[in-house]
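>>> pasting a predicted model and its sequence here:
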Amino acid sequence: MCTSSALSDVGKKRQINQDSFLCREDLGLFIVADGMGGHDDGKQASEMACHIICEQCLLGHDVETAINIAHQNIIHQSNINHSLKGMGTTLVVLQKIGEKFLLSWVGDSRAYLFERNNLTCLTKDHSIVQELIDRKLITAKEARVHPKRNLLTQSVGLSNHESLKIDYAIIHLDADAEILLCSDGLSTELDDCDIESILQQNNNQEKRVKALVDKANENGGKDNITAMLIAS
């Protein structure tokens, strides 16, 4: 069975934490969701996504089907309740299947592989600035301060993203390796070198997750921050 530790924090600038996460070690299912929308609408979207995906996986559906069902349910709720109009969420989902892991994501929540004291980003953001990086119009360093850095090209629950694009990767995790799932409140405040350095500190999952969140807050904490470490 996998082991995991997770922590979510409102950060220094926000009043409401719209991030949600799910750790089901018994199912080998792990989710980080970063909600968006006015007031607490984003919180409702991220919580719905986590709940529906878990529920659908328990019913025997694959993750792709589960994410699409969550997408349609969030759209439906925002259509029947105008106060929820515009709510949506990013997602990064890790599911253990046999000896492998299926990684799925929508938006700019990320997954990293930490192996042999080295950090590798496993996901590619669904964002305007990532498209500019891919077209070699800006650098990754420029993307971190670009005025459109918060604009997503895909998200769960927003009706203008009706044709949902879910990206996938198959991960083979060695015994001493870990996967970090996080919302952009962490990856915006910490670069890869910062994250790698903190993960190298010790072998205690809980302490390192807290150190990541604390450092993101120390660097500004401009958004909600969620971090989750998973080992097989």
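Structure's in. What do you need?
>>> residues near Lys43, how many?
Residue crowding around Lys43 was assessed by other Cβ atoms under 10 Å; the count is 21. The way it works is simple: take the backbone N, C-alpha and C, and place the C-beta from them, glycine included.
>>> and it, that's in a strand?
No - read with DSSP: H, G, I helix; E, B strand; the rest coil, Lys43 is helix and lies in no strand.
>>> for the chain, just list every one of the strands.
Secondary structure of the chain, counting by DSSP state E: strands at 3-9, 19-24, 29-36, 88-97, 100-106, 110-115, 118-121, 167-171, 178-182, 225-231.
>>> tell me which of those sits nearest to Leu151.
Proximity to Leu151 (Cβ to Cβ) singles out strand 29-36 among those, at 11.1 Å.
>>> re earlier: can you list the strands of the chain in JSON lines and add distance to Ile198, mean pLDDT and mean neighbour count?
JSON lines is the format used below for the strands of the chain (distance: least, Cβ to Cβ, whole Å; pLDDT from 0 to 100; neighbours: other Cβ atoms under 10 Å):
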{"stretch": "strand 3-9", "distance to Ile198": "13", "mean pLDDT": "97", "mean neighbour count": "19"}
{"stretch": "strand 19-24", "distance to Ile198": "19", "mean pLDDT": "98", "mean neighbour count": "22"}
{"stretch": "strand 29-36", "distance to Ile198": "17", "mean pLDDT": "97", "mean neighbour count": "28"}
{"stretch": "strand 88-97", "distance to Ile198": "19", "mean pLDDT": "97", "mean neighbour count": "25"}
{"stretch": "strand 100-106", "distance to Ile198": "21", "mean pLDDT": "97", "mean neighbour count": "22"}
{"stretch": "strand 110-115", "distance to Ile198": "10", "mean pLDDT": "98", "mean neighbour count": "20"}
{"stretch": "strand 118-121", "distance to Ile198": "10", "mean pLDDT": "97", "mean neighbour count": "14"}
{"stretch": "strand 167-171", "distance to Ile198": "21", "mean pLDDT": "97", "mean neighbour count": "13"}
{"stretch": "strand 178-182", "distance to Ile198": "10", "mean pLDDT": "98", "mean neighbour count": "26"}
{"stretch": "strand 225-231", "distance to Ile198": "10", "mean pLDDT": "98", "mean neighbour count": "26"}
